[in-house]
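*Asks:* Give me a 3D structure for the following:
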Amino acid sequence: MSKIGIYGKVKVYFMDAKKTLRVIRVCLVLFFLGILFGLHTVVFVEVETALFAKFLGRGTWMAQTLPVVSTWIDTLYVSITESYRAYPVMAYCMDWLSYACIVFALFIVGAIRDPVRNVWIIQVYLAACVLASLLPWVVGPMRGVPVFWRVLDGSFGVMGFMILFVAYRLTRRLEREAKVY
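*Replies:* Numbering: from 1, shown residues only. So this is what the prediction gives:
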């Protein structure tokens, strides 16, 4: 049963355990889908950079509007295609990266099934999101990655953290309420 509590002058809505668990699972499934979204960028990196270069690279509206972005997209496309042509083993490295994405996604399934028992998985992913937000700022300058791209890369960690933080707080609430009964 849902209830409303009054703290000071603020009304706070409390969900019942079933609704809380549902919201937790929705958050974790969203995070799971985010990991799978990242998987496609690894598996299809050559095709996707070709499409980006075609629609946003040199000679497109993007080159007129934001030439820095257009130049970076062309750089990515050339880097990937030339590396894959000259060193096909680099694609094999990306295959292993896609394998890692699948393994990461599988771990979240345990938290979806039983978030209270597997809260440690949510905690590990929260830490991973913080690291994913910081990594572009640490290694990006060493690799020549422009600032706007580092912001984009780091934003995935920030978004993931926000989704997981909601799941984490609700999981802790569910855990506290379970101990009361």
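
*Asks:* neighbouring contacts of stretch 61-79?
*Replies:* Residues from elsewhere that reach stretch 61-79, judged by C-beta atoms under 8 Å, 6 or more residues apart in numbering: 49-50, 52-53, 55-58, 60, 146, 148-149. Every residue, glycine included, has its C-beta placed from N, CA and C.

*Asks:* no no, stretch 82-97
*Replies:* Against stretch 82-97 from outside (C-beta under 8 Å, 6+ apart): 42-43, 45-46.

*Asks:* Looking at the contacts of stretch 61-79, which are in strands?
*Replies:* In strands, judged by DSSP state E, none of the contacts of stretch 61-79 are found.

*Asks:* Tell me the one of the residues you listed nearest Leu21?
*Replies:* Closest approach between the contacts of stretch 61-79 and Leu21, by C-beta to C-beta: Trp149, at 37.9 Å.

*Asks:* Tell me how many other residues crowd that closest one.
*Replies:* 16 (other C-beta atoms under 10 Å).

*Asks:* Glu82 too?
*Replies:* Using other C-beta under 10 Å, the number of residues around Glu82 comes to 11.

*Asks:* Ok, Ile73 next?
*Replies:* 24.

*Asks:* Could you check how far the longest helix anywhere in the chain is from the centre of its chain?
*Replies:* Looking across the chain with DSSP state H, the single longest helix is helix 147-180. Chain-centre distance of helix 147-180: 11 Å, with C-alpha atoms, centre = their mean, to the nearest Å.

*Asks:* Which parts of it count as buried, going by neighbours?
*Replies:* 149-150, 153-154, 156-157, 159-161, 163-164, 166-168, 170-171, 174 (16 or more other C-beta atoms under 10 Å).

*Asks:* repeat for stretch 112-122
*Replies:* Quick answer for stretch 112-122 (16+ other C-beta under 10 Å): 112, 115, 118-119, 121-122.

*Asks:* Cheers, nothing more for now.
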